[in-house]
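In: coords please:
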Amino acid sequence: MKGVINEGLRLSGGVGRLARSAPDEALQYMDWTIPPGVILSQSAYFIHMNSDLFPDPHVFDPERWVRAQESGKRLEHIFVPFTKGARQCLGINFSRALPCGFHTCA
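Out: Purely as a prediction, here's the structure:
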């Protein structure tokens, strides 16, 4: 059931771009220096539809999560429907618990 939920979240798009900036300091990423105040953003859509990360990204395939787990690949590290870090969605745990309640009642 977790694979079905994850796959639905992966394909649904969810949250739009989330802008971030470091207004007072330069950030170093590999060979690049990002000046203070530059606004950066990421899109969950482009991550979830990247065929290098999710083969056949437009196909609803809940088994991809089972196959990944069996092969030791952790898709959760690249799965961002609720974003990540200190500003991730506060409802993430509720959204994970709710389907389990429906499953046990059925």
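In: and the residue nearest the centre of the chain, its phi and psi?
Out: Centroid check for the chain by C-alpha atoms, centre = their mean gives residue 80 as the closest residue, at 1.1 Å. Per-residue torsions, residue 80: phi -130, psi 50 (degrees, to the nearest 10).
In: measure it to residue 87 for me?
Out: In this view, residue 80 and residue 87 are 12 Å apart by C-beta to C-beta, to the nearest Å. The way it works is simple: take the backbone N, C-alpha and C, and place the C-beta from them, glycine included.
In: apart from its chain neighbours, what residue comes closest to the residue nearest to the centre of the chain?
Out: residue 44 (4.8 Å; C-beta to C-beta, 6 or more residues apart in numbering).
In: same question for residue 11.
Out: Residue 11's closest residue in space is residue 60 (C-beta to C-beta, 6+ apart), at 6.2 Å.
In: so what's the residue count around that neighbour?
Out: Neighbour count of residue 60, defined by other C-beta atoms under 10 Å: 11.
In: my guess is it meets residue 7, correct?
Out: Yes - the criterion here is C-beta atoms under 8 Å, and residue 60 meets it with residue 7 at 5.7 Å.
In: all helices of the protein, in order?
Out: 2-12, 44-48, 63-70, 92-105 (DSSP state H).
In: mean pLDDT for these: which is lowest?
Out: When the helices of the chain are ranked by mean pLDDT, helix 92-105 comes last with a mean of 67.
In: if we can go back for a sec, nearest to residue 21, of the helices of the chain?
Out: helix 44-48 (18.9 Å; C-beta to C-beta).
In: quick check: buried residues in that closest one?
Out: 44-45, 47-48 (16 or more other C-beta atoms under 10 Å).
In: in TSV, list these along with distance to residue 33.
Out: Shown next, in TSV, are the buried residues of helix 44-48 (distance: C-beta to C-beta, whole Å):
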residue	distance to residue 33
44	26
45	28
47	24
48	29
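In: show me which pair in those residues is furthest apart.
Out: 45 and 47 (7.3 Å).
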